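Asker: Below is the sequence, then the predicted model.
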Amino acid sequence: MSADVTISTTTAARAAGGAIATLFICALATVIGYAGAVRAQAAGEWHGPEHIYRSACVYCHETGVAPVLKGRQLDVAYIGERVRKGFGPMPAFKPSEIGVADLQALAAWLHASAPAPADGN
Ligand code: HEC
């Protein structure tokens, strides 16, 4: 999936030219890629919390779009609420996308995680 996004972004960016167009297309590809990843996963199909995080969260949370989550000991219930209700520009994730047990595991994993590598945040 991410390979497809990378290729189409590069091709489209070359055709459009210009820094602003490139930025816009990158943002669009990011959102489309993220939505595709989440749609592709019905509840119960995730392979552990890191899989969910890599597929559904890093698009924003390790790219400077949204605050870093790892290594902050964020409260488990707080993470769960943000994921279910959304937060500003962050979409809400339904139980059909991230199941109850999967969200619990994701929140606990994030709470206990080491800091993400420096990424400009
Ligand atoms: C489309 C981009 C996007 C995606 C995907 C996304 N988030 Fe977010 N998230 C945001 C933004 C933007 C904020 C900050 C909102 C604000 O401050 O108004 C945020 C805030 C948060 C916060 C609060 C952080 C804080 O410092 O208080 C948590 C927790 C969170 N997101 C968890 C997640 C998790 C877990 C996932 C994956 C399941 C995820 N987000 C996916 C954009 C995203």
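Answerer: Happy to help now that I have it.

Asker: drop to CA atoms for contacts and neighbour counts, all remaining ones
Answerer: Will do.

Asker: where does residue 45 land in three-state SS?
Answerer: coil (DSSP: H, G, I helix; E, B strand; the rest coil).

Asker: gap between it and the ligand?
Answerer: 14 Å (Cα to the nearest ligand atom, to the nearest Å).

Asker: Neighbours of that residue, how many?
Answerer: 13 (other Cα atoms under 10 Å).

Asker: The one 5 residues further on too?
Answerer: The criterion is other Cα under 10 Å. On that basis, residue 50 has 15 neighbouring residues.

Asker: in which helix or strand would I find it?
Answerer: Applying DSSP states H and E as the criterion places residue 50 in helix 49-52.

Asker: which parts of that helix are buried?
Answerer: Buried residues in helix 49-52, counting neighbours by 16 or more other Cα atoms under 10 Å, are found at 49, 52.

Asker: Likewise for stretch 101-109?
Answerer: 102-109.

Asker: For the nearest residue to residue 110 once chain neighbours are set aside, give me its contacts.
Answerer: Leaving aside its sequence neighbours, residue 110 sits nearest to residue 70 (Cα to Cα, 6 or more residues apart in numbering; 5.7 Å). By Cα atoms under 8 Å, 6 or more residues apart in numbering, residue 70 lies in contact with 110-111, 113-116.
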